[in-house]
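Asks: here is a sequence with its predicted model. Questions after.
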Amino acid sequence: MVAVEVHAAELMVIELAKKNDQYSVENLLSYQINSGASSAAETIRSDDKSVALKKIVEELGLTGRPVCSSVSNALVMSKMIELSASLSLVEIEHRVMLEIDRFIPYPIEEISFDYEIQDDSGGDKGQINVLLVASRRENVDDQIAVLSAAGLKPVILDVDVYAMERAFSLLVGQLPEGVIEKPVAIYDFRGNSVTLYVMYGERNIYMREQNLGVQQVKKESHDFYGAETLPEGKGSEEGLIQAENPVTIINNAVVIQQVLRGLQFYDAANINDPVGHIVLAGDVAVNNDIDEAIKQQVGLAISIADPFKEMVFSKRLDKLDLTPSVFMIACGLALRGFVNGTH
C-alpha cells in the first residue's frame, strides 16, 4: 500500500510491502513544501500541494497507484453509537442515518461519512458499538483532488487518530514489560502544533491538539529520505525534490512544557488511570537526551517512536538521516493495505 500524509506544509510518502509476516519499506520520503510563504503559519494552497506531490510521485515511480491518505482530526466528527446486537445490517444503517440527523450539524448532502461495527462490544454481549465518522464533503473532496492531481488513485481516506492507533500497534512489542496495561501517551510534534494521543489497550481514549506558536519552533536543514529517488543534482534548478529541505525541530524546553501540560489536561479529564509511559513522535530531536530530561520532570519512562524497527528496507533505499518518529501516521495509513477490519 502507498500512503500519503499531507500535514500543513509537509508531505510524507511511504510504500509498504509484506512478505510472510515481515513488512518491507519500498519507498519513503518526507518533503517540506516551499511555496514562498513568508510564515510557517500561512496556509499552503491545494495547488502547491498537488504540484509538489506530483513531482514526488513521478520520481518515486508511483504514478497511477492506489493510495491511502487521511483527513485531519480537527476536520472530523466522530461518535460511538451503542445498539442492540439483534439488529440486522439494514436496521443498523437506518439507526446510523437517524444519528447523523441528530449528531451532525450540516445537511447530509454536505457531508461525507462512514460507519463501522466495532469488534469490542464493551463487555455487553447484547449490545454492539458502531463508530460513526463524518466530515464536511469539501474537506474530503479537497484531499481527493490533491491526490488525483498528483497522479494517484485515492481509494481510502482515513483519519489521523485511527492511523496513529494502527501505528501504535507496531510499537507495543518495543515497550517495557507491563507498560501496555496502563494508558500510554503519544506526543506527535508537527510544525507549529503537538497532538497528544492517549492509548489504552491499543485504542485511543483521549486526544488533544495544541498550537505551539511560531516563536517556539525553528527551521533546520534536513536530508530527504530515500537517497536514490533523485539523481544527484537533478531538480536543483527546477525546484524539484532537494537533497536538503528545512523541517521543524522543536527544542527541549518546548517539548517538556507540552508534555507536562498534556498530562495535566488528561488527568483533569478523569477518564481513566494515570499515564504510565510516554512516547515521543514527530519532529523531535532524538539525540539530545530529551528522554532523560522529561523523565526527570515527570517521573515516567520515555520511548522514541520507531515504527520501522521490525521492518526491512528495500535495497534501493539509502536510509539517509532517517527520523522514524516522523512517519507514525504515514505508517498507520500504509497498514490499511494489510489489516482487515480497521477503521
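Replies: The structure has been received and is ready for your questions.

Asks: can you classify Glu310 by secondary structure?
Replies: Three-state secondary structure (criterion: DSSP: H, G, I helix; E, B strand; the rest coil) places Glu310 in coil.

Asks: ok, it - contacts?
Replies: Counting by CB atoms under 8 Å, 6 or more residues apart in numbering, Glu310 makes contact with 22-23, 170, 173. All C-beta atoms are positioned from the backbone trio N, CA, C, and that covers glycine.

Asks: likewise for Leu280?
Replies: The contact partners of Leu280, by CB under 8 Å, 6+ apart, come to 186-187, 189, 255, 286, 290-291, 294, 302-305, 325.

Asks: can you flag which of the residues you listed belong to helices?
Replies: With helices taken from DSSP state H, the overlap with those comprises 255, 290-291, 294.

Asks: rewinding a little: now render the contacts of Glu310 as a markdown table, adding distance to Leu147 and neighbour count.
Replies: Rendered in a markdown table, the data for these read as follows (distance: CB to CB, whole Å; neighbours: other CB atoms under 10 Å):
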| residue | distance to Leu147 | neighbour count |
| --- | --- | --- |
| Gln22 | 28 | 10 |
| Tyr23 | 23 | 19 |
| Leu170 | 24 | 20 |
| Gly173 | 32 | 9 |
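
Asks: which one of those is nearest to Ala74?
Replies: Here the nearest of these to Ala74, counting by CB to CB, is Leu170; it sits at 24.6 Å.

Asks: surely that closest one is in a helix?
Replies: No: assessed by three-state DSSP, Leu170 does not belong to a helix; its assignment is coil.

Asks: so what's it up against?
Replies: With contacts defined as CB under 8 Å, 6+ apart, Leu170 is in contact with 307, 309-310, 331, 335.

Asks: returning to what we had before: which of the contacts of Leu280 lies closest to Glu177?
Replies: Using CB to CB as the measure, the one of the contacts of Leu280 that approaches Glu177 most closely is Ser303, at 13.0 Å.

Asks: domain ranges for this protein, per the record?
Replies: Following the assignment in automatic domain parsing, the chain carries domains at 2-74+137-337, 75-136.

Asks: least reliable of those going by mean pLDDT?
Replies: The stretch with the lowest mean pLDDT among those is domain 2-74+137-337, which comes in at a mean of 81.

Asks: just the terminal-to-terminal distance for that domain.
Replies: One end of domain 2-74+137-337 to the other measures 8 Å (CA to CA, to the nearest Å).

Asks: again with stretch 180-195
Replies: Using CA to CA, one end of stretch 180-195 lies 20 Å from the other.

Asks: picking that back up, restricted to buried residues, select the contacts of Leu280 in ChimeraX.
Replies: The buried subset of those, as determined by 16 or more other CB atoms under 10 Å, is captured in ChimeraX by this line:
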select :186,187,189,255,290,291,294,302,303,304,305,325
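
Asks: who touches stretch 101-121?
Replies: With contact meaning CB under 8 Å, 6+ apart, stretch 101-121 is reached by 77, 79-81, 85, 92, 96-97, 100, 127-140, 157, 203, 341, 343.

Asks: buried ones in that stretch?
Replies: In terms of neighbour count (16+ other CB under 10 Å), stretch 101-121 has its buried residues at 104, 111-113, 115, 118.

Asks: skipping its backbone neighbours, what lies nearest the residue of the chain positioned farthest from its centre in space?
Replies: Relative to the centre of the chain, the most outlying C-alpha is that of Ser86, 35.2 Å out, by CA atoms, centre = their mean. If the residues on either side of it in the chain are set aside, Ser86 comes closest to Gly126, at 7.7 Å by CB to CB, 6 or more residues apart in numbering.

Asks: could you measure from that neighbour over to Ser193?
Replies: Taking CB to CB, to the nearest Å as the measure, Gly126 falls 41 Å from Ser193.

Asks: do Ile186 as well
Replies: 14 Å.

Asks: from the buried residues of stretch 101-121, which is closest to Leu60?
Replies: Using CB to CB, Ser112 is the member of the buried residues of stretch 101-121 that sits closest to Leu60, with 28.0 Å.

Asks: mind listing the strands for the stretch 1-150 of the chain?
Replies: With DSSP state E, counting those that start in this stretch as the definition, the stretch 1-150 of the chain shows strands at residue ranges 2-7, 10-19, 22-32, 66-71, 76-84, 111-117, 127-136.

Asks: okay, now the sheet partners of the longest one, with direction.
Replies: Going back to what we said before, that points to strand 22-32. Strands that pair with strand 22-32, judged by DSSP bridges, come out as strand 10-19 (antiparallel), strand 312-313 (parallel).

Asks: test my guess that Phe338 contacts Ala17.
Replies: No: with contact defined as CB atoms under 8 Å, Phe338 does not reach Ala17; the gap is 9.3 Å.
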